[in-house]
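Participant: Next input, structure requested:
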Amino acid sequence: MISIKNNCMPALARKAKFQPKLIIQILMFLAVFGVGNAAASVIMIVPMVIGIFGDPEFLSGVVSGDVRSAISAAMSVMEKPWIMLISLFATLATTVVCIVYCCKIEKRSMASMGLRKSGWLGRYLKGFAIGTAMLLLSALVLWLMGDLDFAFAERVPLLYLLAFFVGFVIQGMSEEVLVRGFFMVSLGNRCHTAIAVGISSVAFALLHLANPGISLLALLNLTLFGVFMAVYVLRTDDLWGACAIHSAWNFAQGNLVGIRVSGMAQLPTLAIMNPVGEQSLFHGGAFGLEGGLIVTVVTLAAIVLTLFLPKKGKKTETV
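Facilitator: I've put the predicted structure just below:
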């Protein structure tokens, strides 16, 4: 199990000047999330308006009074790669808002969020390898089961792949800073670590509630992924690795094997692995692999391995 006795993240977080009670902390999390989302939306407004009003099908629908056609065209524009790419970069706003809140309001240090400078690159690369391996393993099992087909993309958009790589690095970090670096660690000042892990993991899943194709199994898998991220952070006493796992999973799923990422439209990709048939119990259907049972098994295995691999140090409070 995981000991947090010698972990610097919770120890430093306990030095925070502002430590709101549990309910207030949850409300502060929602406020920080809302401000971050609002800032990201402001960043997105101009490119969205340019894209939508520059689309011939949208303009045609508006001129002809065909509301359904206009709405459909607008939704299609929102799924264009360059719009989706900007949306990933816009999530940087959430990271900035979280850091400002933690450092200026709660008076926490960056180190208490797991963002220490020393040795960060090695921990990040290790996490990226883990996240990539987990996703590719899930996809491989589904391919061997016949639930996914496989083909290389006819044209490999290298510039887009590089841009989406950077975009997912930013997006994965934003969610980990928000949910684990800020929320989970701050909750730990007011409740047992296991409760903080549970609340933050459920919150992480609920952040995806409006995503296309969401299902009860997808919510369960997202909660389990949140638990895995939480125990990995506590196991390593670091957030960089979790940021990397999260980003690598999304990038590998969306841009290496061409599977939808949590309901996101298909992205420019190196290869394409499409679901076979309508059965989504294992492959997740329109939501992506997070909506299927294979990811349930892989994530549970990752949690168990992370919990029970030996860790140096004495054990006190465990998850």
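
Participant: quick one: the strands in this structure?
Facilitator: 151-152, 271-272 (DSSP state E).

Participant: would you turn the ones you listed into JSON lines with mean pLDDT and distance to Lys126?
Facilitator: Every C-beta, even on glycine, is put in place using the N, C-alpha and C of the backbone. Below are the strands of the chain laid out as JSON lines (pLDDT from 0 to 100; distance: least, C-beta to C-beta, whole Å):
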{"stretch": "strand 151-152", "mean pLDDT": "92", "distance to Lys126": "28"}
{"stretch": "strand 271-272", "mean pLDDT": "92", "distance to Lys126": "25"}
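
Participant: deepest of these, which one?
Facilitator: Comparing those by mean neighbour count (mean count of other C-beta atoms under 10 Å), strand 271-272 ranks first with a mean of 16.

Participant: which residues sit against it?
Facilitator: Here strand 271-272 makes contact (C-beta atoms under 8 Å, 6 or more residues apart in numbering) with Phe150, Ala151, Phe152, Ala153, Leu256, Val257, Gly258, Gln266.

Participant: ok, 7 Å please
Facilitator: Phe150, Ala151, Phe152, Ala153, Leu256, Val257, Gly258 (C-beta atoms under 7 Å, 6 or more residues apart in numbering).

Participant: For Thr95, find the nearest of the strands of the chain.
Facilitator: For Thr95, the closest of the strands of the chain is strand 271-272, at 30.1 Å, according to C-beta to C-beta.

Participant: can you give me how far that closest one is from the chain middle?
Facilitator: 21 Å (C-alpha atoms, centre = their mean, to the nearest Å).

Participant: list the contacts for Ala13?
Facilitator: For Ala13, the contacting residues are Arg108, Ser112, Val185, Ser186, Gly188, Asn189, by C-beta under 7 Å, 6+ apart.

Participant: Quick check: nearest residue in space to it, chain neighbours excluded?
Facilitator: Ser112 (4.4 Å; C-beta to C-beta, 6 or more residues apart in numbering).
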